[in-house]
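K.L.:
Make a model of this:
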Amino acid sequence: MKRPTLQFVFLINNHSYLARALQDTMYAGDDMSQSLGLGDLVGRSAQLRTESQIERSRKGYIATWKALMSAFPAATLGPAEKLGMFNQGFDDMVRSHRVYDIFDADVRAMLVSDATEAIIPEYEKFLRQNSDNSSEFTHAMKYTPRDLQRRINGMLDD
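P.N.:
Sure, this is the predicted structure:
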């Protein structure tokens, strides 16, 4: 995979599936089910390691979204140029998510939440600090924060 974001999506999705499979196959201790499952055979520590890998991958995933904001502090670029760079990176990032089908609703919600928390507050702050209403800035502002949220919410939809 060429994009680090997609590597993290892949890892989060697959480790989440494994963690759920381990959890679902652990002996419940009820009288109806006396057989041991995969979760029982590998033990609780395997599930904890898998959950830890999910958290590490989430941190990497969040970092790739935060990288979109890297042009905002640049002193050599004007606000409209910064927005242009952000827009291009954001569009590429959202488009790249179409590669994966994420069927687990919890994983989908986690990815959307992580992406939202990584960029929306910083984007809103940038708009507040640079809202000079010049025609160049207004033209470069492709997204409102609400538009970004809608795009992020739909990035994993068919």
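
K.L.:
make it CA atoms for all contacts and neighbour counts henceforth
P.N.:
OK.

K.L.:
helices or strands next to the helix or strand P121 falls within in the packing?
P.N.:
Element membership of P121 [criterion: DSSP states H and E] is helix 105-129. Helices and strands touching helix 105-129, as assessed by 3 or more CA pairs under 8 Å, 6 or more residues apart in numbering; DSSP states H and E, comprise helix 4-24, helix 44-66, helix 145-154.

K.L.:
possible to save those helices as JSON lines with mean pLDDT and distance to N87?
P.N.:
Formatted as JSON lines, those follow (pLDDT from 0 to 100; distance: least, CA to CA, whole Å):
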{"stretch": "helix 4-24", "mean pLDDT": "83", "distance to N87": "17"}
{"stretch": "helix 44-66", "mean pLDDT": "87", "distance to N87": "12"}
{"stretch": "helix 145-154", "mean pLDDT": "96", "distance to N87": "10"}
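
K.L.:
Turn those into a markdown table, including mean neighbour count.
P.N.:
A markdown table is the format used below for those (neighbours: other CA atoms under 10 Å):
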| stretch | mean neighbour count |
| --- | --- |
| helix 4-24 | 18 |
| helix 44-66 | 17 |
| helix 145-154 | 16 |
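
K.L.:
For those, give me TSV that also has distance to F126.
P.N.:
TSV is the format used below for these (distance: least, CA to CA, whole Å):
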stretch	distance to F126
helix 4-24	23
helix 44-66	13
helix 145-154	11
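
K.L.:
So what angle separates the directions of the helix holding P121 and helix 44-66?
P.N.:
Interaxial angle, helix 105-129 versus helix 44-66 (axes from the mean of the first three to the mean of the last three CA atoms, to 10 degrees): 30 degrees.
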